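**Student:** Sequence first, predicted coordinates after that:
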Amino acid sequence: MATWVTLCENKDFRTLYYRGKSQVHTGLVTYVRPNRLGYPRVGITTGKKVGCAVKRSRARRVIREGLRPLISQIGGYDIVFVARTRTPEMKSTQLTPVIERHLKQLGVMAE
C-alpha cells in the first residue's frame, strides 16, 4: 500500500499557494506543484471558518480517507488540500471523486 509524506513547513505551503496550480470545488480546494523527490507530499489545512475543533478534525479525516485510494497513482508532487465549510458534512466516498477529478485536471493523474 502506497503512502505519502506530510508537508509541515510553512514555506512549502506558501510556495504551493503562490506558484502551484489550483482547482476549486464547493467542498475542497486543491493546490498542486511538482517536486523532484519521486514521491508525493501532502498537506491539509482547515481554517477557523470551517468550524469548531471537532469539525476541523473531521474535515482533515475525511480528506485523508478520500485521498487514500488514489495515492498509489500519484508520483512526485506536492499537494495541499484546503477544507471549506461544507467539507465536514461530506463523506469520504463523496470526496474521492472530487479529489480524483482535481488531480486529473491538474495533470497529476492520467486521464
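**Tutor:** Okay, I see it.
**Student:** can we go C-alpha only for contacts and neighbour counts from here?
**Tutor:** Will do.
**Student:** what kind of secondary structure is the nearest residue to Val32 once chain neighbours are set aside in?
**Tutor:** Of all residues not flanking Val32 in the chain, Ile79 sits nearest, at 4.6 Å (Cα to Cα, 6 or more residues apart in numbering). Following DSSP: H, G, I helix; E, B strand; the rest coil, Ile79 is assigned to strand.
**Student:** What is the burial count for Ile79?
**Tutor:** For Ile79, the number of neighbouring residues by other Cα atoms under 10 Å comes to 27.
**Student:** partners of it in the sheet?
**Tutor:** Counting by DSSP bridges, Ile79 is bridged to Val32, Val42.
**Student:** Pull up the gap between it and Gln105, please.
**Tutor:** Taking Cα to Cα, to the nearest Å as the measure, Ile79 falls 14 Å from Gln105.
**Student:** one step back: wait, isn't the residue nearest to Val32 in contact with Thr30?
**Tutor:** Yes - Ile79 is within contact range of Thr30, at 7.1 Å (criterion: Cα atoms under 8 Å).
**Student:** Name the residue closest to the centre of this protein, please.
**Tutor:** Closest to where the C-alpha atoms of the chain average out (Cα atoms, centre = their mean) is Phe81, at 3.0 Å.
**Student:** Please report the distance of it from Trp4.
**Tutor:** Applying Cα to Cα to Phe81 and Trp4 gives a distance of 14 Å.
**Student:** what do these two both touch?
**Tutor:** Val42 (Cα atoms under 8 Å, 6 or more residues apart in numbering).
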